[in-house]
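> Quick one: sequence plus predicted model below, questions after.
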Amino acid sequence: MNNILIRLLFGACIALLLLISQQNYLLFHSLTELFSIVIAFGIFVIGWNSRKYFHNNYLLYIGIAYLYVAFFDTLHTLAYKGMSVFPGYDDNLPPQLWLVARYLESSALLIAPAFFNRPIRYGKVAAVYTAISALALYTIFFARIFPVCFVSGSGLTLFKVGSEYLIDCILIAALYLLYKNRKHFDPGVLKLLALSIGCTIITELCFTVYVHLYGISNLVGHFFKIFSFYFIYKAIIETGLAKPYDLLFKDLRESEERFKALSEASFGGIIIHDKGLILECNAGLSDMTGFSYKELIGMNGLHLIAPESLDTVMAHIQSGYEQNYEVTGVRKSGATYPLAIKGKNVTYKGRDVRVIEFRDLTERKKAENEQKRLEMQFLQAQKLESLGVLAGGIAHDFNNILMAITGNADLALMRLNPESPAIENLTRIGTAAARAAELASQMLAYSGRGTFMLEHLDLNHLLNEMRSMMEVSISKNTVLQLNLSKSIPPIEADAGQMRQIIMNLVINASEAIGDNSGVITITTGVMECDQSYLKDVLPDENSVEGLYAFLGIADTGCGMDKETVAKLFDPFFTTKFTGRGLGMAAVFGIIRGHSGAITVCSEPEKGTTFKILFPANS
């Protein structure tokens with residue numbers, strides 16, 4: 001709607017000027033020139049005042065040149081026939097001043113594209129134009145050696161006509177360079193500039209044929225000059241006031257759009273702040289912190305940092321530190337998270353500010369912790385495997401030696417008389433050998449090389465059978481509770497080995513309770529295990545997703561610290577004064593031999609819970 005009104009108003013002005021030209025040509029000429037002078041001066045004002053904000057110096061060069069164009073157009077207007085401002089000069093003076101203005105204008109449009117990507121020393125440019133202007137004024141007003149352009153009664157001179165054609169050639173070259181450098185312009189502005197140059201070319205052609213200063217071709221030429229300056233007004237002045245970021249250079253707007261796109265696509269948060277006050281940020285910061293864009297703008301950025309990290313952040317801001325460093329961030333919910341920060345001091349909209357990049361390290365820290373966990377698990381598995389091979393080899397060789405000892409002891413007993421005093425010694429040898437064989441059996445169990453008699457086994461039935469034996473094996477101050485699931489699937493297991501696991505863990509639980517009153521709770525059940533759960537079990541190399549029957553044994557005893565839990569299943573590790581350190585190693589070996597898994601949860605003074613998983617038999 002506004003554009004339509006402006007066009008209607010412009011059309012009305014043209015009609016009014018046409019009417020005025022028929023009644024008073026001098027007034028028409030003055031109004032026409034005044035229009036172009038005001039626009040030329042406006043171009044200078046916009047170009048000069050925007051020089052700090054554009055890396056592209058096209059507009060600044062045009063602005064400086066048009067200031068001098070406005071000056072000579074003003075002199076041309078004052079010198080026009082009938083104005084009587086310069087007594088002693090004839091009709092030749094206005095065309096001379098006109099030619100100087102048009103040479104300045106056309107050469108400026110030709111040279112300006114050279115400053116698209118080149119720095120400009122505007123002081124030197126102004127000095128050159130001042131020198132040219134001074135030389136032109138001297139040759140016209142003082143030395144009066146400037147070539148004659150118009151002779152009353154005869155019309156235009158050859159010099160004037162040739163100059164107009166030369167100016168048109170310069171303008172055509174400027175139009176070509178404008179098209180060649182079109183990538184630097186907003187499309188709408190490019191079109192308006194091209195129309196302006198085109199109208200100026202027609203204007204110059206009109207001024208090659210008139211024979212009188214008030215002639216028809218002079219009239220048409222001035223109307224095309226109005227059109228030319230109207231288009232350049234639309235291209236530069238109106239665009240500069242209404243849409244300054246579209247002014248002439250689309251690369252500036254595209255640069256802004258690229259910055260916004262990059263900042264929005266960033267995987268982190270971007271902040272521009274001045275002494276902590278957030279001036280601008282991207283959507284990534286909102287996603288990270290939970291605050292909306294409106295909430296963040298104007299907020300003190302230090303509110304996004306945990307109290308324990310404030311001193312570090314403040315010190316880095318004050319020193320201008322530009323390297324990555326890690327702190328603790330705070331979300332809108334109050335939750336804290338690991339945060340990496342990198343900052344840099346820059347100039348933004350004419351002020352010194354600091355740009356900060358926020359990187360949420362939550363996922364990275366999780367990955368690092370997971371990596372450490374896997375490495376520890378791998379080292380643990382390697383250690384247990386090595387110990388298993390060692391224990392299995394020792395137990396196998398030890399068993400062979402024991403077989404020789406027990407065999408020879410039995411043969412010796414058979415040959416001795418019942419009254420022989422050596423019988424007691426041989427009996428002790430046999431008893432000791434049997435205990436050694438039991439020890440070797442535990443070592444074989446740990447190594448997974450023990451012999452299992454597998455059968456379909458109901459854990460609930462096995463526990464009910466063992467209840468009396470468990471009750472007499474624990475302290476009198478300890479209560480045994482069985483919380484058995486009503487229905488659990490059977491497992492493929494060796495009943496004797498299962499009894500060894502249960503008794504070992506129950507006796508350990510009782511010893512952990514000691515002389516204090518306590519409770520040992522045995523539970524059974526069934527559960528579906530996925531990889532997220534199985535990654536925390538021991539051993540994890542044979543664990544596959546699926547249905548598992550579990551056996552849980554929990555006590556309210558003294559508990560264990562993390563260091564003890566880490567070594568719990570190592571052979572020969574014990575916390576007991578008289579222990580051999582093979583009980584838990586055997587438990588672990590039996591579980592591994594049954595493709596099972598175990599988890600341990602223990603804290604000092606809070607007790608211990610073992611959960612043993614066995615693949616459910618379908």
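That came through fine.
> can we go C-alpha only for contacts and neighbour counts from here?
Noted.
> mind checking pLDDT for Asn92?
If you check Asn92, the pLDDT there is 91.
> for the protein, what spans make up the strands?
150-151, 155-156, 269-274, 277-281, 325-330, 336-348, 351-360, 454-457, 478-483, 491-494, 518-529, 546-555, 597-603, 607-615 (DSSP state E).
> Need the residues that contact the fourth one.
It refers to strand 277-281. For strand 277-281, contacts defined as C-alpha atoms under 8 Å, 6 or more residues apart in numbering pick out Gly269, Ile270, Ile271, Ile272, His273, Tyr293, Leu296, Ile297, Gly298, Met299, Asn300, Gly301.
> Can I get it in PDB, CA atoms only?
The C-alpha coordinates for strand 277-281 follow below in PDB (Å, rounded to 0.1, in the frame of the first residue of the first chain):
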ATOM      1  CA  LEU A 277      24.800  -9.100  30.600                       C
ATOM      2  CA  ILE A 278      23.600 -11.300  27.700                       C
ATOM      3  CA  LEU A 279      23.100  -9.200  24.600                       C
ATOM      4  CA  GLU A 280      22.400 -12.100  22.100                       C
ATOM      5  CA  CYS A 281      22.300 -15.900  22.200                       C
END
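> May I see the buried residues of that strand?
Within strand 277-281, the residues scored as buried using 16 or more other C-alpha atoms under 10 Å are Leu277, Ile278, Leu279, Cys281.
> any chance of those residues in JSON lines, plus distance to Ala131 and pLDDT?
JSON lines is the format used below for the buried residues of strand 277-281 (distance: C-alpha to C-alpha, whole Å; pLDDT from 0 to 100):
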{"residue": "Leu277", "distance to Ala131": "49", "pLDDT": "89"}
{"residue": "Ile278", "distance to Ala131": "49", "pLDDT": "88"}
{"residue": "Leu279", "distance to Ala131": "46", "pLDDT": "86"}
{"residue": "Cys281", "distance to Ala131": "49", "pLDDT": "85"}
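> Let me have those residues in CSV, adding distance to Asp536 as columns.
Shown next, in CSV, are the buried residues of strand 277-281 (distance: C-alpha to C-alpha, whole Å):
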residue, distance to Asp536
Leu277, 45
Ile278, 43
Leu279, 46
Cys281, 40
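> Closest one to Leu99 out of these, please.
Nearest to Leu99 among the buried residues of strand 277-281: Leu279, at 51.1 Å, using C-alpha to C-alpha.
> how much space is there between the closest one and Arg499?
Leu279 sits 70 Å away from Arg499, going by C-alpha to C-alpha, to the nearest Å.
> do you know which of the strands of the chain lies nearest Lys234?
strand 336-348 (28.9 Å).
> which regions of the stretch 151-300 of the chain lie under the pLDDT threshold?
Residues of the stretch 151-300 of the chain meeting the criterion pLDDT under 70: 211-214, 237-267.
> ok, back up a step: closest to Tyr122 out of the strands of the chain?
Comparing these against Tyr122 with C-alpha to C-alpha, the closest turns out to be strand 336-348 (22.3 Å).
> So which elements touch the closest one?
strand 325-330, strand 351-360, helix 362-415 (3 or more C-alpha pairs under 8 Å, 6 or more residues apart in numbering; DSSP states H and E).
> Worst mean pLDDT among those?
Among the helices and strands packed on strand 336-348, helix 362-415 scores lowest, at a mean of 73.
> Neighbours of the closest residue to Leu547 other than its chain neighbours, how many?
Leaving aside its sequence neighbours, Leu547 sits nearest to Glu528 (C-alpha to C-alpha, 6 or more residues apart in numbering; 4.6 Å). For Glu528, the number of neighbouring residues by other C-alpha atoms under 10 Å comes to 11.
> What of the one 10 residues further on?
If you count neighbours by other C-alpha under 10 Å, Leu538 ends up with 23.
> Could you check how far it is from Gly589?
11 Å.
> my guess is Ser217 meets Cys206, correct?
Yes. Between Ser217 and Cys206 there is a contact under C-alpha atoms under 8 Å: 5.4 Å.
> circling back: who wins for proximity to Leu454 among the helices and strands packed on strand 336-348?
Ranked by C-alpha to C-alpha, the member of the helices and strands packed on strand 336-348 that lies closest to Leu454 is helix 362-415, at 20.6 Å.
> Under the pLDDT cut-off, which ranges of the stretch 401-550 of the chain? List them.
If you take pLDDT under 70 as the line, the stretch 401-550 of the chain has these spans: 435, 437-452, 540-542.
> should've said the stretch 1-150 of the chain
In the stretch 1-150 of the chain (pLDDT under 70), the answer is 1-3, 52-56, 117.
> mind listing the helices in it by residue range?
2-23, 25-49, 58-79, 93-111, 122-137 (DSSP state H, counting those that start in this stretch).
> May I see those helices arranged in JSON lines, with distance to Ala549 and mean neighbour count as well?
Shown next, in JSON lines, are these (distance: least, C-alpha to C-alpha, whole Å; neighbours: other C-alpha atoms under 10 Å):
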{"stretch": "helix 2-23", "distance to Ala549": "79", "mean neighbour count": "12"}
{"stretch": "helix 25-49", "distance to Ala549": "80", "mean neighbour count": "19"}
{"stretch": "helix 58-79", "distance to Ala549": "80", "mean neighbour count": "23"}
{"stretch": "helix 93-111", "distance to Ala549": "87", "mean neighbour count": "21"}
{"stretch": "helix 122-137", "distance to Ala549": "86", "mean neighbour count": "14"}
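> ok so, going back, please name whichever of the strands of the chain is nearest to Ala436.
Among these, strand 491-494 sits nearest to Ala436 (C-alpha to C-alpha), with 22.1 Å.
> The closest one packs against which elements?
With contacts defined as 3+ C-alpha pairs under 8 Å, 6+ apart, strand 491-494 has these neighbours: strand 454-457, strand 607-615.
> starting at the chain centroid, how far to that strand?
Taking C-alpha atoms, centre = their mean, to the nearest Å, one finds strand 491-494 lying 53 Å from the centre of the chain it belongs to.
> Compute the number of surrounding residues for Glu603.
What Glu603 shows, counting by other C-alpha under 10 Å, is a neighbour count of 15.
> Wait, it touches Asp561, no?
Yes. With contact defined as C-alpha under 8 Å, Glu603 and Asp561 form a contacting pair (5.8 Å).
> about what we covered before: of the contacts of strand 277-281, keep whichever come out buried.
By 16+ other C-alpha under 10 Å, the contacts of strand 277-281 give Gly269, Ile270, Ile271, Ile272, His273, Tyr293, Leu296, Ile297, Gly301 as buried.
> Quick one: these as JSON lines, columns for distance to Tyr165 too.
Formatted as JSON lines, the buried ones among the contacts of strand 277-281 follow (distance: C-alpha to C-alpha, whole Å):
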{"residue": "Gly269", "distance to Tyr165": "59"}
{"residue": "Ile270", "distance to Tyr165": "56"}
{"residue": "Ile271", "distance to Tyr165": "57"}
{"residue": "Ile272", "distance to Tyr165": "54"}
{"residue": "His273", "distance to Tyr165": "57"}
{"residue": "Tyr293", "distance to Tyr165": "59"}
{"residue": "Leu296", "distance to Tyr165": "61"}
{"residue": "Ile297", "distance to Tyr165": "58"}
{"residue": "Gly301", "distance to Tyr165": "64"}
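> Name the nearest of those residues relative to Ile145.
Looking across those and measuring by C-alpha to C-alpha, the closest to Ile145 is Ile272, at 61.1 Å.
> show me the contacts for the closest one.
Ile278, Leu279, Glu280, Cys281, Val353, Arg354, Val355, Ile356.
> could you redo the last one with a cut-off of 6 Å?
Ile278, Leu279, Glu280, Arg354, Val355 (C-alpha atoms under 6 Å, 6 or more residues apart in numbering).
> Identify the bridge partners of the first one.
Spelled out, it's Ile278. His273 (DSSP bridges).
> how about stretch 584-603: buried residues?
Per 16+ other C-alpha under 10 Å, stretch 584-603 contains these buried residues: 584-598, 600, 602.
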